[in-house]
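>>> could you look at this predicted model? Sequence included:
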Amino acid sequence: MHTKFKMLLLVRHGQSTGNVDLPTQDHASIPLTALGEEQAKRLSTRIDARPDLIVTSSFRRAQQTAEPLRERFPDVPVEVWPETAEFTYLSPERCRGTRRTERLPWVRAYWQRQDPDYCDGAGAESFHALVARARLVLQRIEERPEETIVLFSHGQFISCLLDIARHSYATDDERMAIFRSLPELDNTGLIYLLLPERDG
């Protein structure tokens, strides 16, 4: 019996105002820059075949990046999966109104802890929680009937999902220890991932 596979196309959102060090109010509402919007348009032309399903995170910048592809294939179903949102490991309240460069000391402190169970405060999540939802998303995709799925998400979430797909038996401690050294995905970077189909 032959194993059947499906194609998952992973897309990091286009350049956002957070990427260019503008102040942000909350993680979910960060918009694309003008360059990010242009990147999204160019990305839509790089996907040659009609997908069976388009999935976006609930964050604004991912949905904006998906819009040109949605316009190109208006008959393709679109679903919003909150589970594919970016990793929010710093407390949203203390980050409100700050720039990326202002948050760098907090970022360094978080990763130096190397504690997968640590939570920075209300609205933040632990690294363990990130891994758990990435595993659930992978399982959900493998169980879907569609053969080609395009997922618009975020750099750290995509990196975690890929690491799980490639090294499924690593512990969360092992995964966290190497996580910051994983290659960073470019804005509108496109990765093709073959996944085995599972019976629902």
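Perfect, thanks for sending it.
>>> burial check on Ala134, number of neighbours?
Close neighbours of Ala134, defined as other Cβ atoms under 10 Å, add up to 25. Where you see a C-beta, it was placed from the backbone N, CA and C, and this is true even at glycine.
>>> what residues are up against it?
Phe157, Cys160, Leu161, Ile164 (Cβ atoms under 8 Å, 6 or more residues apart in numbering).
>>> can we see that at 6 Å?
Cys160, Leu161, Ile164 (Cβ atoms under 6 Å, 6 or more residues apart in numbering).
>>> not counting its own residues, what contacts stretch 113-130?
Applying Cβ under 6 Å, 6+ apart, the set of residues contacting stretch 113-130 is Phe87, Thr88, Tyr89, Leu90, Ser91, Pro92, Cys160, Asp172, Met176.
>>> go on, stretch 169-186?
Outside stretch 169-186, the residues touching it (Cβ under 6 Å, 6+ apart) are Arg12, Trp111, Pro116, Phe127, His128, Val131, Gly155, Ile158, Ser159.
>>> mind putting those residues in CSV, distance to Arg180, neighbour count and pLDDT included?
Converted to CSV, those look like this (distance: Cβ to Cβ, whole Å; neighbours: other Cβ atoms under 10 Å; pLDDT from 0 to 100):
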residue, distance to Arg180, neighbour count, pLDDT
Arg12, 16, 26, 98
Trp111, 6, 15, 97
Pro116, 13, 19, 98
Phe127, 11, 25, 98
His128, 16, 16, 98
Val131, 15, 22, 98
Gly155, 12, 18, 96
Ile158, 15, 24, 98
Ser159, 10, 22, 97
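>>> just the buried positions in stretch 188-200, please.
Judged by neighbour count using 16 or more other Cβ atoms under 10 Å, the buried positions of stretch 188-200 are Thr188, Gly189, Leu193, Leu195.
>>> wait, doesn't the third one sit right on Leu8?
Okay, so that is Leu193. Yes: contact criterion Cβ atoms under 6 Å: Leu193 and Leu8 qualify, at 4.5 Å.
>>> average model confidence for stretch 74-82?
For stretch 74-82, mean pLDDT rounds to 98.
>>> how about the contacts made by Arg100?
Contacts of Arg100 by Cβ under 6 Å, 6+ apart are Asp21.
>>> if we use 7 Å, what do you get?
Taking Cβ atoms under 7 Å, 6 or more residues apart in numbering as the criterion, Arg100 is in contact with Gly18, Asp21.
>>> rewinding a little: from the contacts of Ala134, which ones fall inside helices?
Among the contacts of Ala134, DSSP state H puts Cys160, Leu161, Ile164 in helices.
>>> was I right about the first one contacting Ala132?
No: with contacts counted by Cβ atoms under 7 Å, Cys160 stays clear of Ala132, the gap being 10.1 Å.
>>> quick one: which of the two has more around it?
Using other Cβ under 10 Å, the more surrounded residue of Cys160 and Ala132 is Cys160, with 24 against 14.
>>> what's the pLDDT at that one?
For Cys160, pLDDT reads 97.
>>> what's the closest non-adjacent residue to it?
Ala134 (4.5 Å; Cβ to Cβ, 6 or more residues apart in numbering).
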